[in-house]
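Chemist: Need coordinates for the following:
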Amino acid sequence: MQRPSTNDPNHLALFLMHFKDFTRIDLRLIHPDILTDAIDDAHSIVLLDKDEQFDHLHFHHDKRYLTKRLSKTALNHYFNEFYWVSTYVVKGIVREDFFYTQAMYAQPLLESYITLLKQVVLVREDKDALAFGKANQFLSDYLAHPERLQAYFNMSTLAHMKQSLTSMIDDVHHFQLTLSRANNQPVDHMEYQGALTYYQHFLT
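Modeler: Predicted structure coming up:
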């Protein structure tokens with residue numbers, strides 16, 4: 001069992017329990033004043049409600065994992081973030097700095113990639129919103145080749161990240177074309193061309 005911190009200022013105590021029959025319970029003791037803000041899992045259940053104050057709360061839903069279509073401004077932010085951070089990944093690979101490269105690859109780069117990929121799925125499915133589950137566990141269901149995305153999570157070596165990066169740069173350019181058409185927005189190829197040129201100059 002993992003016990004909670006005794007100094008939590010948010011009046012929340014979390015006990016993580018594993019039983020001998022392999023049952024797992026994540027038990028949270030939450031002050032009523034912060035209940036709706038503290039529940040961060042779509043499959044939470046109120047176990048104790050002596051005064052029946054929380055009958056109206058239903059946590060068995062996917063709204064917490066809902067992805068909605070982004071505005072053009074937000075999309076441009078994620079494209080810019082991806083292309084810009086790709087140069088940091090290149091820099092880390094050139095310097096043979098594994099931990100820096102992995103940090104840039106795992107957080108800003110891969111997260112931006114997945115955000116944009118989900119937007120492409122929304123366009124392809126003709127949906128304004130979809131629930132991809134906690135940690136995007138259902139995203140693979142919408143992909144023709146989920147193993148391609150899974151391969152991008154291999155950050156075990158600089159060589160793996162180098163190989164994935166060039167494919168991801170091309171993928172994101174295709175995302176850009178798809179989303180620009182869907183939004184009747186002209187495509188600016190400059191950032192893609194800049195990121196690709198930077199990669200080719202230093203890594204090919």
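Chemist: Check the gap between the most centrally placed residue in the chain and Lys72 for me.
Modeler: The central residue of the chain, meaning the one whose C-alpha is nearest the mean C-alpha position (CA atoms, centre = their mean), is Glu111 at 4.9 Å. From Glu111 over to Lys72 the distance is 20 Å, taken as CB to CB, to the nearest Å. Glycine gets a C-beta too; all of them are placed from N, C-alpha and C.
Chemist: packing partners for the longest helix anywhere in the chain?
Modeler: Ranked by number of residues, the top helix in the chain under DSSP state H is helix 158-182. Contact here means 3 or more CB pairs under 8 Å, 6 or more residues apart in numbering; DSSP states H and E; on that basis helix 158-182 packs against helix 72-94, helix 98-104, helix 110-125, helix 190-203.
Chemist: out of those, nearest to Asp49?
Modeler: helix 110-125 (35.3 Å; CB to CB).
Chemist: what residues does the next helix or strand after that closest one touch?
Modeler: Per DSSP states H and E, the first helix or strand lying C-terminal to helix 110-125 is strand 129-131. Residues external to strand 129-131 that are found in contact with it (CB atoms under 8 Å, 6 or more residues apart in numbering): Asp62, Lys63, Tyr65, Leu66, Thr67, Lys68, Arg69, Lys118, Val121, Leu122, Phe138, Tyr142.
Chemist: tell me the contacts of the last one?
Modeler: Each residue near Tyr142 by CB under 8 Å, 6+ apart is listed here: Val121, Arg124, Glu125, Leu130.
Chemist: Now it: phi and psi?
Modeler: The main-chain torsion angles of Tyr142 are listed as degrees, to the nearest 10 and equal phi -100, psi 0.
Chemist: quick one: His154 and Tyr100, what's the gap?
Modeler: Rather than His, residue 154 is Asn. Relative to Tyr100, Asn154 is positioned 18 Å away (CB to CB).
Chemist: Of those two, give the one with the bigger neighbour count.
Modeler: Set Asn154 next to Tyr100 and count neighbours by other CB atoms under 10 Å: Tyr100 wins out with 15 against 12.
Chemist: Can you read off the pLDDT for the closest residue to the more buried one other than its chain neighbours?
Modeler: Beyond its immediate neighbours in the sequence, the residue positioned closest to Tyr100 (CB to CB, 6 or more residues apart in numbering) is Gly92, lying 4.4 Å away. What the model reports as pLDDT for Gly92 is 98.
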